[in-house]
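**Q** Can you look at this prediction? I've put the sequence above it.
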Amino acid sequence: MTASRVRLHVEDTGGTGRPVVLIHGWPLSAESWKAQVPVLKDAGYRVVAYDRRGFGRSDTPADGYDYDTLADDLAGVINDLDLRDVTLVGFSMGGGEVARYIARHGEQRLHSVVFASAVPPYMLKTDDNPDGPLTQAKADEMKQGLERDRDTFFDGFTKDFFSANGELKVSEKERQEAIALCKQSDQTAALGCMKAFGTTDFREDLKKVTVPTLVLHGDSDGTVPYEGSGKRTHAAIAGSEAVVLKDAPHGCNASHAEQFNAALVAFLAK
């Protein structure tokens, strides 16, 4: 372990079904999976969702906001509950935990994985990663915006998160609920994880993924564009499937919940 274990808020529907572990996006919490949990439970799965360290109802340590530690936190949840034959579903930043978990802990406990609107293989545009969808200037702008005024930043961020081609794809009530989740984040955690998802290279991690894999992404994702992320992850993992949701923004698990859930349940049934 790269950092000491911390207390994480974990929600577990229980039951004898095959476990599905949901790993939320930045800077939200397990609450952001509310459109998925009942559907998956009704389909017969044991659903486990947790708040990442520093977010939601979990502890907020001063450090540990790097992917090695976050993947070890995920391993702790899986091991503590003794989950086996697991499907990991990583949304946005959570897709990084999926990739890094496999690189650090192997696939012995896994059945399959899902990268949903996920940040791998490598967000930052660099000389050796020219297809990275995040420029250094944009990363700097995001960091400065969050440091300067959280409320203004989260207002703009959630508009982008749930918009496709300039049109908000959720209700204003749903967007305000997402803002409330954003505001639960610890500032140190929010900044640390922003750096982690923007600058971590998962290209070597993806080479270690051999279990069945679904890439699920919106075609109008302005936050983590499909061309620079999901499409490249699909190409990097032999035999992976890709489902691209039409006219769907980054937050497609909320905006296009019916299509998202149908694709997820169909994949889980395999």
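**A** Good, I have the coordinates.
**Q** per-residue confidence at residue 2?
**A** At residue 2, the predicted lDDT confidence score is 45.
**Q** ok, now residue 97?
**A** pLDDT, residue 97: 98.
**Q** Contacts only, for it.
**A** Shown in contact with residue 97 (C-beta atoms under 8 Å, 6 or more residues apart in numbering): 23, 67, 70, 71, 73, 74, 88, 90. (Each C-beta comes from the backbone N, C-alpha and C, glycine too.)
**Q** Kindly indicate which of those residues lies nearest residue 233.
**A** residue 90 (10.7 Å; C-beta to C-beta).
**Q** Quick check: what element follows the one helix or strand the closest one maps to along the chain?
**A** Taking DSSP states H and E as the criterion, residue 90 maps to strand 86-91. Scanning forward in sequence from strand 86-91 by DSSP H and E, the next helix or strand is helix 94-105.
**Q** Identify each buried residue in that following helix, please.
**A** Residues of helix 94-105 classed as buried by neighbour count (16 or more other C-beta atoms under 10 Å): 94, 95, 96, 97, 98, 99, 100, 101, 102, 103, 104, 105.
**Q** got TSV for those residues, with distance to residue 45 too?
**A** What follows is the buried residues of helix 94-105, written out as TSV (distance: C-beta to C-beta, whole Å):
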residue	distance to residue 45
94	17
95	19
96	23
97	19
98	17
99	22
100	24
101	19
102	20
103	25
104	25
105	21
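**Q** how close does residue 48 sit to residue 30?
**A** 9 Å (C-beta to C-beta, to the nearest Å).
**Q** Quick check: neighbours shared by these two?
**A** 11, 22.
**Q** just the helices in the stretch 151-270 of the chain please.
**A** Per DSSP state H, counting those that start in this stretch, the stretch 151-270 of the chain carries helices over the ranges 172-183, 187-199, 203-206, 230-236, 252-255, 257-268.
**Q** and these, which is most packed in?
**A** helix 252-255 (a mean of 26; mean count of other C-beta atoms under 10 Å).
**Q** For the residue lying closest to residue 267 once chain neighbours are set aside, give the beta-bridge partners.
**A** Excluding the flanking residues, the one nearest residue 267 by C-beta to C-beta, 6 or more residues apart in numbering is residue 214, at 4.4 Å. On the basis of DSSP bridges, residue 214 is bridged to residue 114, residue 241.
**Q** State the distance from residue 214 to residue 128.
**A** Relative to residue 128, and taking C-beta to C-beta, residue 214 is found at 28 Å.
**Q** With residue 19 instead?
**A** From residue 19 over to residue 128 (counting by C-beta to C-beta), the distance is 37 Å.
**Q** quick one, which of these two is more surrounded?
**A** residue 19 (22 against 8; other C-beta atoms under 10 Å).
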